[in-house]
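Asker: Sequence and computational prediction follow.
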Amino acid sequence: MGNPLNLPFDPIERAHDNWTARWGKSPAMAAVTSVMRAQQLLLSQLDATLKPYALTFARYEALVLLTFSSSGALPLGKIGERLMVHPTSVTNTIDRLERQGFVRRRPNPSDGRGTLAEITDAGREVVEKATRDLLDMDFGLGCYTDEERWQIFTLFRKLRVDYGDFTAES
């Protein structure tokens, strides 16, 4: 769904025109539809960039998170919390990374029943290569300046605070 549509008109603007005729203007509808389409486009580009490494963006994020850990390992629950995904998604992601040899599971020494996911040397190597490629394509946001990218971050940060992801003071 991330392929260019090459339409002679903006389908979201057209949808908003139709919406307006039926229910009245809704900048919120136009904005959320644009956000959802942008997510499709970006995810498609990011996944295409990561495909040579047999990674999806979700798996890449998990590997990056593990590289940020001082020990290279984190409890599965912490991974889910930090990546803001359901525990089942974490399990599936770690399962796939483990099959690829990028992660290994080991017992959590501070929690006898818990499991840590630990990045392997192969995982560290693939993260470095994939990161260079993502940086080269500006994570799909090359059409924006750095200032505009910070504006996007700031606008969505406000939404994330409003939904309770974290407090504004943090």
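Answerer: Nice, I can see it.
Asker: got a list of contacts for the host helix or strand of residue 58?
Answerer: Taking DSSP states H and E as the definition, one finds residue 58 inside helix 57-68. Contacts to helix 57-68, defined as CB atoms under 8 Å, 6 or more residues apart in numbering, come from residues 43, 46-47, 50, 53, 55, 72-74, 79, 82-83, 85, 89-90, 93-94, 96-97, 102-103, 117-119, 123-124, 126-127, 130-131, 134. No exception for glycine: its C-beta is placed from N, CA and C like everyone else's.
Asker: now stretch 110-126
Answerer: By CB under 8 Å, 6+ apart, stretch 110-126 touches 53, 55, 62-63, 66-67, 71-77, 79, 94, 97-98, 100-108, 127.
Asker: Span of that stretch from start to end?
Answerer: End-to-end span of stretch 110-126 (CA to CA, to the nearest Å): 29 Å.
Asker: Each with direction, which strands does whichever strand or helix holds residue 112 pair with?
Answerer: Using DSSP H and E, residue 112 falls within strand 111-119. Using DSSP bridges, strand 111-119 pairs in its sheet with strand 73-75 (antiparallel), strand 103-108 (antiparallel).
Asker: Other residues contacting the first one?
Answerer: By that I understand strand 73-75. Contacts of strand 73-75 (CB under 8 Å, 6+ apart): 65-66, 82, 106, 108, 111, 114-119.
Asker: Any stretches of the chain with poor pLDDT?
Answerer: Where the chain drops to pLDDT under 70, the residues are 1-2, 170.
Asker: Look up the closest residue to residue 16, ignoring the ones flanking it.
Answerer: In this structure, residue 16 finds its nearest non-sequential neighbour in residue 30, 4.3 Å apart by CB to CB, 6 or more residues apart in numbering.
Asker: got it, and residue 37?
Answerer: Nearest residue to residue 37, sequence neighbours excluded (CB to CB, 6+ apart): residue 12, at 6.6 Å.
Asker: In this structure the one you found contacts residue 34, no?
Answerer: Yes. The pair residue 12 / residue 34 is scored as a contact, 5.6 Å apart, by CB atoms under 8 Å.
Asker: which SS class is residue 157?
Answerer: Recorded secondary structure, residue 157: helix (DSSP: H, G, I helix; E, B strand; the rest coil).
Asker: quick one: it from residue 31, how far?
Answerer: To residue 31, residue 157 is 16 Å away according to CB to CB, to the nearest Å.
Asker: again, but for residue 42
Answerer: Where residue 31 is concerned, residue 42 sits at a distance of 16 Å (CB to CB).
Asker: distance between the longest helix along the chain and the chain's centre?
Answerer: Taking DSSP state H as the criterion, the chain has its longest helix at helix 27-50. Taking CA atoms, centre = their mean, to the nearest Å, one finds helix 27-50 lying 11 Å from the centre of the chain it belongs to.
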